[in-house]
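In: Dropping a prediction and its sequence here:
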Amino acid sequence: MHYDFDKIIERQGTNSVKYDLRKQLFGSEEVLPMWVADMDFETPDFIRKSVVERANHLIYGYTFRSNAYYKSIVDWQKRHHNWKITKDWILFSPGIVAALNMIVLALTNPNDEIIVQPPVYFPFFTAVKNHKRCLVYNNLILPEQGYRMDFDLLEKQAKTAKMIILCNPHNPVGRSWKTDELQRLSEICIKNDLLIISDEIHCDLVLPPNKHTVFASLNTEIAARTITLHAASKTFNLAGLSTSSIIISDEKLRETVKTYIENLHVDMGNLFGIVATQTAFEKGDEWLRQLLVYVNRNVDEVCDFLSKHLPKIKVFRPEATYMVWLDFNAYGLTDNDIRSMLIEKAKLGFNSGIEFGSNGSGFYRMNLGCPLQTVKQALLQLKQTFESYE
Ligand SMILES: Cc1ncc(COP(=O)(O)O)c(C=O)c1O
């Protein structure tokens, strides 16, 4: 079966964050929205079918997650990432950000130091700061060959820190961390008794030929201190269904997190989220394969176009995610200048890099989870605005 990722779908008027909050966020409804990380592709037909089938039943009462639901997650991890997990390791969370916050609260104390690696998905900052824990910035470094972790600095910071929040793969810079990099990180974590939250929400969106390594799968010692976060939400465009997993092999850690979640009574979940997640993991292999080919094609388009027409914009070709990280610093303009050029002249709604940390200044994140036609239109608008600055 061939899936159609070219189809343009009208999302305006559906209370879509990406489309219907444009006026609020960009001051204009005219911007082409390429910001928040959901996709403009239709949620796969086999998932919609299973949700509609369940919706056709006349009662939407309290629902538990069946063995088949857990089996779909266990099998997916084994099939796609060669990670062997068991049903009892899997806890429910209504979202990954909710999970981050609950885990920080359950496993750390006020004033504990928690390390993050900017530029990084900004809710990592609030999950630490909002609970009066102490944020420690282990900024990524940017040598010629692209973003790397600053292990020398991390060695020092890890001595007093309690936890690190790893983004694996990394949003927004698009790195799919290689096994040797994760190995080095794991040695530092073990040596310094650090807990790790590994946010792997983008792990199924690793673009071929890159390969994902599950951090907790490195060895049993690292597994015993790692909390892995995973969901079908990004991969299959189900973000509105609020269903995700916290996977913990260590029984003691798991019991602490589980008790915290159960005491909040947020583990009931959403019945349609359960159905959609199970179906995605049972039937989604081929759809995902085709999606990744399409996204890689969109990435090629951006790389080729910018190197030809706007070479001052440096593109960080993503190894994972459908987002591309663009560096506008060569123009020598301020963040505000670039932002107003993008919104007012180019009419493009990208995420400002500065939101992801101070080392995101001058960068923008562009969402390529959309038809090629939309990507081409955006590039044209970008060219018309910036070509006179080349
Ligand atoms: C790294 C990362 N974690 C978590 C999320 C959001 O997860 P959720 O919607 O389940 O809270 C995103 C969304 O962009 C993300 O990029």
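Out: It's in. These numbers come from a predicted model, not from an experiment.
In: At which residues are the helices of the stretch 1-150 of the chain located?
Out: All helices of the stretch 1-150 of the chain, identified by DSSP state H, counting those that start in this stretch, fall at 17-20, 22-26, 45-55, 67-81, 96-107, 123-129.
In: Give me every residue in this structure lying close to the ligand.
Out: Contact residues (Cβ under 6 Å from any ligand atom) of the chain with the ligand: 37, 95-97, 121, 167, 171, 199, 201, 231, 233, 239, 244. (Each C-beta comes from the backbone N, C-alpha and C, glycine too.)
In: Which of those fall in strands?
Out: Within these, residues falling in strands by DSSP state E are 167, 199, 244.
In: Just the buried residues from these, in PyMOL please.
Out: Only the buried entries of those go into this PyMOL selection, using 16 or more other Cβ atoms under 10 Å:
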select buried, resi 167+199+244
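In: Tabulate the ones in strands among the residues of the chain next to the ligand (TSV), appending pLDDT.
Out: Below are those laid out as TSV (pLDDT from 0 to 100):
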residue	pLDDT
167	98
199	98
244	98
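In: Okay, buried residues for stretch 81-95 please.
Out: Neighbour counts over stretch 81-95 (16+ other Cβ under 10 Å) mark 81, 83, 85, 89, 90, 91, 92, 93, 94, 95 as buried.
In: can you pull the pLDDT of residue 92?
Out: The score at residue 92 is 98. That number is its pLDDT.
In: which residues does it contact?
Out: By Cβ atoms under 8 Å, 6 or more residues apart in numbering, the contact set of residue 92 is 65, 243, 244, 245, 246, 261, 267, 269.
In: how near is the nearest residue to residue 348 once chain neighbours are set aside to residue 389?
Out: Spatial nearest neighbour of residue 348, excluding adjacent residues (Cβ to Cβ, 6 or more residues apart in numbering): residue 342 at 5.0 Å. Counting by Cβ to Cβ, to the nearest Å, the gap from residue 342 to residue 389 is 13 Å.
In: Show me which residues of the longest helix along the chain are buried.
Out: Ranked by residue count and defined by DSSP state H, the top helix of the chain is helix 285-309. Of all the residues in helix 285-309, those buried under the rule 16+ other Cβ under 10 Å are 287-288, 290-292, 294-296, 298-299, 301-302, 305-306.
In: Where do the domain boundaries of this structure fall?
Out: The chain breaks down into these domains under automatic domain parsing: 17-44+286-389, 62-283.
In: Same list (the ones you listed) but as JSON lines, adding distance to residue 51.
Out: Converted to JSON lines, the domains of the chain look like this (distance: least, Cβ to Cβ, whole Å):
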{"stretch": "domain 17-44+286-389", "distance to residue 51": "8"}
{"stretch": "domain 62-283", "distance to residue 51": "5"}
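In: Grab the nearest non-local neighbour of the closest residue to the ligand within the stretch 251-390 of the chain.
Out: Of all residues in the stretch 251-390 of the chain, residue 321 sits closest to the ligand, at 7.5 Å by Cβ to the nearest ligand atom. Excluding the flanking residues, the one nearest residue 321 by Cβ to Cβ, 6+ apart is residue 202, at 4.8 Å.
In: what do you get for residue 272?
Out: Closest residue to residue 272 in three dimensions, ignoring its sequence neighbours and counting by Cβ to Cβ, 6+ apart: residue 51, at 5.2 Å.
In: How about residue 117?
Out: Closest to residue 117 by Cβ to Cβ, 6+ apart is residue 138, at 5.1 Å.
In: residues touching that neighbour, list them.
Out: 115, 116, 117, 149, 150, 153, 154, 157, 164.
In: Tabulate the ones in strands among the residues of the chain next to the ligand (JSON lines), appending distance to residue 187.
Out: Formatted as JSON lines, those follow (distance: Cβ to Cβ, whole Å):
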{"residue": "167", "distance to residue 187": "19"}
{"residue": "199", "distance to residue 187": "20"}
{"residue": "244", "distance to residue 187": "29"}
